[in-house]
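Engineer: Turn this into a model:
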Amino acid sequence: VQLVESGGGLVQSGGSLRLSCAASGFTFSRYAMSWYRQAPGKERELVATITSAGGSTVYADSVKGRFTISRDNAQNTVYLQMNSLKPEDTAVYFCYAAIVYSGNYYSHWGQGTQVTVSS
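Structural biologist: Here you go, the predicted structure:
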């Protein structure tokens, strides 16, 4: 199982980035996918979640209206479009896959990609 994030980098405040997470080794289309982030000295927090078929999304209040999560099940990839970035969005962003199957919870994490927003 692999989740490989890409697209992070350094951007100025007000700029945009698009993160990608390429999945392999499991049935991607059955999993809900999420993006989490962790800033230095802080706990990991949920940024956004999308259901397996992409019909429903949930966002943290701090990113609503600025970030958009989407997925392409044919390409086994989930995206996070980040607009109007702020310095407080600086963090390592992680891709997360989860499913409840036959009463068991299965999940996978990516290795993370750094996003740095300068003021």
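Engineer: Report pLDDT for the spatially most central residue of the chain.
Structural biologist: Nearest to the geometric centre of the chain sits Trp35, at 2.3 Å (C-alpha atoms, centre = their mean). Among the per-residue scores, Trp35 shows a pLDDT of 98.
Engineer: beta partners for it?
Structural biologist: Ala48, Cys95 (DSSP bridges).
Engineer: residues in contact with it?
Structural biologist: Trp35 sits next to 19, 21, 46-49, 69, 78, 80, 93-96 when contact means C-beta atoms under 8 Å, 6 or more residues apart in numbering. (Each C-beta comes from the backbone N, C-alpha and C, glycine too.)
Engineer: give me that answer again for 10 Å
Structural biologist: Shown in contact with Trp35 (C-beta atoms under 10 Å, 6 or more residues apart in numbering): 5, 19, 21, 46-50, 59-60, 63, 67, 69, 78-80, 82, 93-96, 110.
Engineer: Need the mean per-residue confidence for stretch 84-92.
Structural biologist: Mean predicted lDDT for stretch 84-92 stands at 98.
Engineer: Between its first and last residues, how far does that stretch reach?
Structural biologist: Using C-alpha to C-alpha, to the nearest Å, one end of stretch 84-92 lies 18 Å from the other.
Engineer: Could you list the buried residues of that stretch?
Structural biologist: 85, 89-92 (16 or more other C-beta atoms under 10 Å).
Engineer: What confidence value was assigned to the residue sitting furthest away from the middle of the chain?
Structural biologist: Distance from the C-alpha centroid of the chain, by C-alpha atoms, centre = their mean, peaks at Ser102 (25.6 Å). Looking at Ser102, its pLDDT reads 93.
Engineer: Ramachandran coordinates for it?
Structural biologist: phi 50, psi 40 (degrees, to the nearest 10).
Engineer: now the buried residues of stretch 84-92 as TSV including secondary structure and distance to Ser29?
Structural biologist: Output for the buried residues of stretch 84-92, formatted as TSV (DSSP: H, G, I helix; E, B strand; the rest coil; distance: C-beta to C-beta, whole Å):
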residue	secondary structure	distance to Ser29
Leu85	coil	30
Asp89	helix	29
Thr90	coil	32
Ala91	strand	28
Val92	strand	26
